[in-house]
Structures are given as C-alpha cells and as structure tokens.
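Undergrad: structure for this input, please:
(2 chains)
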Amino acid sequence: MVENVSAATMDDHAAAASRKRLPLSWLGVVPFFAFALLFLIWPTLDLMIGAFQTPTGEFTLQNIANLNQDSIISAYKISIQVSVASAVLGAVFGFFLAHAAVMGNLPGWMRPTLTTFSGVASNFAGVPLAFAFIATLGRTGLVTTLLYSFFGINLYSTGFNILSFWGLTITYLYFQIPLMVLILMPALDGLKKEWREAAAILGATKVQFWTHVAFPVLWPSLLGATMLLFANAFGAIATAYALTGSSLNIVPILLYAQIRGDVLHDPNLGYALALGMIVITALSNITYIWLRARSDRWLR
Amino acid sequence: MKSERFGPWLAMVLGTLYFVVPLIATFEFSLRKRRGVYSFDAYASVFSDSRFIESFGYSTFIALLTIVVGVLLVVPTAYVIRLRMPRMRPIVEFITLLPLVIPAIVIVFGYLRLYNSSSFLPLTGTARSTDLLLVFAYVVLAMPYMYRAVDTGLRAIDVKTLTEAAESLGASWWTILFKVILPNVRVAVLSGAFLTFAIVIGEFTIASLLNRPAFGPYLQLVGANSAYEPSALAVIAFVVTWACMGLIQLFGSGIRGSSAAPR
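TA: You can find the predicted model right below:
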C-alpha cells in the first residue's frame, strides 16, 4: 500500500514535485490508510479468517457447516424477512413521498421541510426509536388506547404485537422511509423536464411516460436504494434489542448474545455467524453500487 | 389539475401522520408519570438521575473526540486525494463506504478478537485505552458521512488555485492545510461534525460491547427498568438529533459561497 502511495505521487507530479510537497501528500494519506487498516479492514478480515479456523488455528469448514442449525437458520430467516419487508415498504412509501415533494406541485415550503425532517428521522434510530414506538403502539401506547376507546378496536386481540415481526418492521420504517426520500429526491430531480415534454408532445399519456421513460431510467436508483435499505436494516441491532429484548431471534441480536456470553458455546461459530452477516450485507451493497453506476449514466 | 394534485397531497398527509403520531404519542406518554394528570415528573426524574448526567457527559466527550480525530484524518486525506492523487480516489471512496457494508457489531467483534488484553496491542486492557478504541470505532462509523461532507465542501472551492496561491506566497503545507483549506471548508466540516454527533451520542452496540458507560447503554438500561422515563429520554434524544440537523441546515444555508448541504 505504501508503494502505491509513493508511486502515484511520483507519477502525477514527477515534474512538479518539489521536496516541500512530498511530506504533505504522505502525511495526508498514510495516517488514513493506517487507520483504516488497523480499525476497519484488519479486524474484519481477522474475524473472517477466524470463521475458517479451529480454536487451535487450523483450517476448517466445520464452523460454516455448523451454521446449519435450526436456531441460526431461523435467525437469518427472520432477519432477512424483516430487512426485505422494511426495505421494500420503505422504498414504496419513500418513492411516493419523494415523488410528491419533487413533482407534486405542492406548496414550496413542503420540500425543504421534508428534506430536513428526513435528515432527522433517518438518524433517529436506535434505542430512543424503540421507546417512541412502545409509547405509540405498545400495550398502553397512545394509538392502541385511542383505537380502543374511539373505535372499539383492540389491536392486541388482532394478534398484533409491537414485539413481533410486523412491530419491528413498522418501527424500522421510521428511518427507512426518510432514507429512501433522501436518496430518491436527487434521482427524481434528474428526470429532465424535457423528457416529460417530449413524451407529451409525442402523445404519450402519463402512464406511458412512467412505464416507458421514467421507470426505465429510475429503476437502477430505486432498486439500488432498496438494497441499501436492506443492508441498513440487516445490520441494525439497537432498536430491535431495546424493543424486544432477546425475544425476537434475529442475527444481530444472536451475535450480540454470542459476544456477551458465548451462547453458542463455540467462539469460532460466532465468527462464522459474523461472516454470514458480512456476506449478506456485502452482496446487497455490491448490487447497490453496480446499479448506481448504471443509473448515474442517465442522471447527469 | 385538481385530480393530479390529490395523490401528492394524500402521500404527504399519510406521511405526516406516520411520522408525527409517534412523536406526539411519545411526548404524551412521557407526561403520564403522575396518575391522572399530565406532569413533567418523568423529566424531573431523568434529570435528577446522576447516571443520566454522567453518561450523557461521557458520550458528549467521546463524540467531541471523535469529531476532532475524524476531521484530522479526513480533511488532509480528502485534500491530498483531490489535489495530488486523483487516481487513488476510488480506493479511498471504497474504504470510506465500507462502514456502511460491515455492520457495526461485526467491527466491534473484530476489535474484541484482535485487541483483547493478551494481544499485541491490548487496547481493551484498560479503561482509558478502551475509551480510545471507542473513539476510533466511532470515527470508523462516521467516516462515510464525514468524508462525503468534506469532499463535497472541497468540490465547491478551487483547491488547486488556493494551494498554488498559498505556495507562491511561501506558505508551508501546514499553513496551507490549516489556515487556507480548513477555513474554506469549515461549513462542510461542521455539517459532518453535527452528523457525527447525532450518530455517536446515542450509539448502543459498540459502547455496550466495549463496556463503556455511554448514553446508549444507559438508555437501554432505563428502558428495561422503568415505564415513563424512556419516553422522556426519547423526547430528549429526538430534540438533540433535531438540534444537530437544524444546525447543519443553518450553517449550510446561512453562509454564502460555500455549499455544504448534506446530500
């Protein structure tokens, strides 16, 4: 890595490089790479290697094979279900909100308000978010009580529970939708007015404009952003943990319990569990980056 | 035209309901501590809890350290990459995006394996060094946002001309970086800093697994043990997040000549 740095410097500025400039390039970049290596890349790689080792350090595939037990498989399953549900619903609702703000002919103050609020809400995650939804949809929450006293609907007798799959999904949407809005607004801005006008002049209906022009251009952003939302939900733990304790068996909570108290009774199986998480979020992010590159071609 | 506007209005109204009702509910719930009447008892109980003050103070301190370390790490890198090593840009950008790919819990798991008390660099050995490790973890967590903010800020100014002008006046690289470049991207740096603060102040996973007395684990503890205080704390946390984002907007739009609005 060090060779790369100096090579690039020399290449770019072989002629111009004075002795005074060199230390700046070095001092600027080397700490960054050293830091990233020590506190991001190496710890992660070390964990990934651990997933393929026995406790004594020999190579093995047993840890990966050991992932195939009911409790772990079901944790991955629930995690993926919650992440997919909150990502897809977040994408759909986020799209409608962003579309309304960008192209809805709404009063001018609405768009900046939505942007600011989305910035806040997409960062209002973790433990406090869980508290907010317990106060809203918990057994004595405001919405639960109001539904009962005004409409006679007992939410909890319908099988709903804030500590369940749907409870968690509805809660996650609180940061998923705003994130989608923030990602999609620039993409919607990129839909040029001329395209809409050209389509209209050629006699296209609104539906035709969307199916033949807008969605073909937008789908990489839409799908890509959905992937990002998926990874966002998949790695989240604080909200779920504060909401459900350890009653909902999702991968991050299982991993948390494993780190705290070795609940799997096998440290190396814990590494394999973490490797599984990395593989899943990496796949969804690679898809996102690949789709982003495709959509950027059109949205310049 | 009327029918065309119905959809957008519906979306906005439903969206507003979904986002505002939980806030009202949380606030209402936080006032219910005294039976039969609304009161601020839950808030009084929160603010009189010494652990609240201590953990919030601790997390604020850690957040400020995170911002300082993050700025010192990101600003020179983004500057050098933009000016001298454009070909390294994809690599650096890839690295800064990694924290969005690797879940925080996995990163801290890696720390516990790599830096345990019997390792070559026993950072989890003492409380002070664990604090340092926590700061580093948060720098990693905030890196995607910090780098993006600073890079956007650098794009808005003419880095090359500024550097050449400063060099021709005999400025050292230290002067260039801290007296020319940094002041010119201060708005971007500030917006990155507030975002970092908002992310770090209530962070739970890393602080809890490193066993530090931070605000996030305290929130979780209160949530598991009391009824009305959690809502009061959620309201406080929301106000803090709102303040951070508000300050970003304020700085981003208030000062002319530098565009640093978060994208």
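Undergrad: Three-state assignment for B:F120, please.
TA: coil (DSSP: H, G, I helix; E, B strand; the rest coil).
Undergrad: please apply the same query to the one 10 residues further on.
TA: Here B:T130 is helix, with the state taken from three-state DSSP.
Undergrad: from B:A224, how far off is it?
TA: Distance, B:T130 to B:A224, using Cβ to Cβ, to the nearest Å: 23 Å. All C-beta atoms are positioned from the backbone trio N, CA, C, and that covers glycine.
Undergrad: so which of the two has more stuff around it?
TA: B:T130 (17 against 11; other Cβ atoms under 10 Å in any protein chain shown).
Undergrad: chain neighbours aside, what residue packs nearest to the residue sitting nearest the centre point of chain B?
TA: For chain B, the residue nearest the mean C-alpha position is B:T196 (1.8 Å; Cα atoms, centre = their mean). Nearest residue to B:T196 in three dimensions, chain neighbours excluded: B:A142, at 4.1 Å (Cβ to Cβ, 6 or more residues apart in numbering or on different chains).
Undergrad: ok, that neighbour touching B:I201?
TA: No. Judged on Cβ atoms under 8 Å, B:A142 makes no contact with B:I201 at a distance of 11.5 Å.
Undergrad: these two: which is more packed in?
TA: Neighbour count, other Cβ under 10 Å: between B:A142 and B:I201, B:A142 has more, with 27 against 20.
Undergrad: the helix or strand containing that one - what's its average pLDDT?
TA: Assigned by DSSP states H and E, B:A142 belongs to helix B:127-156. Helix B:127-156 comes out with an average pLDDT of 93.
Undergrad: which other helices and strands contact that helix?
TA: helix B:50-83, helix B:89-101, helix B:104-114, helix B:186-201, helix B:205-209 (3 or more Cβ pairs under 8 Å, 6 or more residues apart in numbering or on different chains; DSSP states H and E).
Undergrad: so which residues make contact with the second one?
TA: Counting by Cβ atoms under 8 Å, 6 or more residues apart in numbering or on different chains, the neighbours of helix B:89-101 from elsewhere in the structure are A:32-33, A:36, A:40-41, A:228, A:231-232, A:278, A:281-282, A:285, A:289, B:77-78, B:81-82, B:107, B:140-141, B:143-144, B:147-148.
Undergrad: B:R35 belongs to a strand?
TA: No. Going by three-state DSSP, the assignment for B:R35 is coil, not a strand.
Undergrad: report pLDDT for it.
TA: pLDDT, B:R35: 85.
Undergrad: what's the neighbour count on it?
TA: Neighbours of B:R35 (other Cβ under 10 Å): 6.
Undergrad: what separates it from B:D41, distance-wise?
TA: Taking Cβ to Cβ, one finds B:R35 at 10 Å from B:D41.
Undergrad: check B:F136 too.
TA: 40 Å.
Undergrad: next: B:R212.
TA: 30 Å.
Undergrad: then B:E164?
TA: From B:E164 to B:D41 the distance is 63 Å (Cβ to Cβ).
Undergrad: residue contacts, B:A78?
TA: If you count contacts by Cβ under 8 Å, 6+ apart, then B:A78 has B:V92, B:Y147, B:V150, B:D151, B:L154 around it.
Undergrad: only alpha carbons, please: show stretch A:61-78 as CSV.
TA: Provided in CSV are the C-alpha atoms of stretch A:61-78 (Å, rounded to 0.1, in the frame of the first residue of the first chain):
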residue,chain,number,x,y,z
LEU,A,61,-15.0,-25.6,7.1
GLN,A,62,-16.8,-27.0,10.2
ASN,A,63,-17.8,-23.6,11.5
ILE,A,64,-19.6,-22.8,8.3
ALA,A,65,-21.2,-26.2,8.3
ASN,A,66,-22.3,-25.7,12.0
LEU,A,67,-24.3,-22.6,10.9
ASN,A,68,-26.8,-25.2,9.7
GLN,A,69,-28.8,-25.5,12.9
ASP,A,70,-32.4,-24.6,13.4
SER,A,71,-31.9,-21.6,15.7
ILE,A,72,-29.3,-20.0,13.5
ILE,A,73,-31.1,-20.7,10.2
SER,A,74,-34.3,-19.2,11.7
ALA,A,75,-32.4,-16.1,12.9
TYR,A,76,-31.1,-15.5,9.4
LYS,A,77,-34.6,-16.1,8.0
ILE,A,78,-36.3,-13.7,10.3
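Undergrad: quick one: is it near chain B?
TA: No. Judged by Cβ under 8 Å from any Cβ of the partner chain, stretch A:61-78 and chain B are separated, with a smallest distance of 13.3 Å.
Undergrad: list the contacts of that stretch.
TA: Contacts for stretch A:61-78 (Cβ under 8 Å, 6+ apart): A:51-54, A:165, A:248-251, A:253-254, A:266, A:268-269, A:271-273, A:275-276, A:280.
Undergrad: now, the residues you listed that are in strands?
TA: Residues of the contacts of stretch A:61-78 located in strands (DSSP state E): none.
Undergrad: which of those count as buried?
TA: Buried members of those, scored by 16 or more other Cβ atoms under 10 Å in any protein chain shown, are A:51-52, A:248-251, A:253-254, A:266, A:268-269, A:271-273, A:275-276, A:280.
Undergrad: those residues: which ones sit near chain B?
TA: A:Y271.
Undergrad: interface residues of the stretch 51-200 of chain A facing chain B?
TA: Checking the stretch 51-200 of chain A against chain B by Cβ under 8 Å from any Cβ, the hits are A:93, A:96-97, A:99-101, A:103-106, A:110, A:114, A:116-117, A:119-121, A:123-124, A:126-136, A:141-143, A:173-174, A:177-178, A:182, A:186.
Undergrad: mind doing that once more with 6 Å?
TA: Applying Cβ under 6 Å from any Cβ of the partner chain, we find that the stretch 51-200 of chain A lies next to chain B at A:96-97, A:100, A:104-106, A:116, A:119-120, A:123-124, A:126-128, A:131-132, A:135-136, A:142.
Undergrad: what comes up buried for stretch B:121-141?
TA: B:123-124, B:130-131, B:133-141.
Undergrad: those into CSV, with extra columns for distance to B:P217?
TA: Formatted as CSV, the buried residues of stretch B:121-141 follow (distance: Cβ to Cβ, whole Å):
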residue, distance to B:P217
B:L123, 19
B:T124, 16
B:T130, 13
B:D131, 14
B:L133, 16
B:L134, 11
B:V135, 16
B:F136, 18
B:A137, 14
B:Y138, 14
B:V139, 19
B:V140, 19
B:L141, 16
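Undergrad: show me which of those is closest to A:R196.
TA: When the buried residues of stretch B:121-141 are compared for distance to A:R196 (Cβ to Cβ), B:L141 wins out at 40.5 Å.
Undergrad: from A:F39, how far off is that closest one?
TA: 10 Å.
Undergrad: please name the nearest non-neighbouring residue to B:G110.
TA: Using Cβ to Cβ, 6+ apart, the closest residue to B:G110 is A:P43 (2.8 Å).
Undergrad: longest helix anywhere in chain A?
TA: helix A:70-103 (DSSP state H).
Undergrad: could you list the buried residues of it?
TA: A:72, A:75-76, A:78-80, A:82-87, A:89-91, A:93-103.
Undergrad: pLDDT of it, averaged?
TA: 93.
Undergrad: run the chain-centre distance for it.
TA: 9 Å (Cα atoms, centre = their mean, to the nearest Å).
Undergrad: next: stretch A:164-178.
TA: 12 Å.
Undergrad: contacts for it?
TA: A:82, A:85-86, A:89-90, A:93-94, A:118, A:121-122, A:125, A:129, A:133, A:161, A:229, A:233, A:240 (Cβ atoms under 6 Å, 6 or more residues apart in numbering or on different chains).
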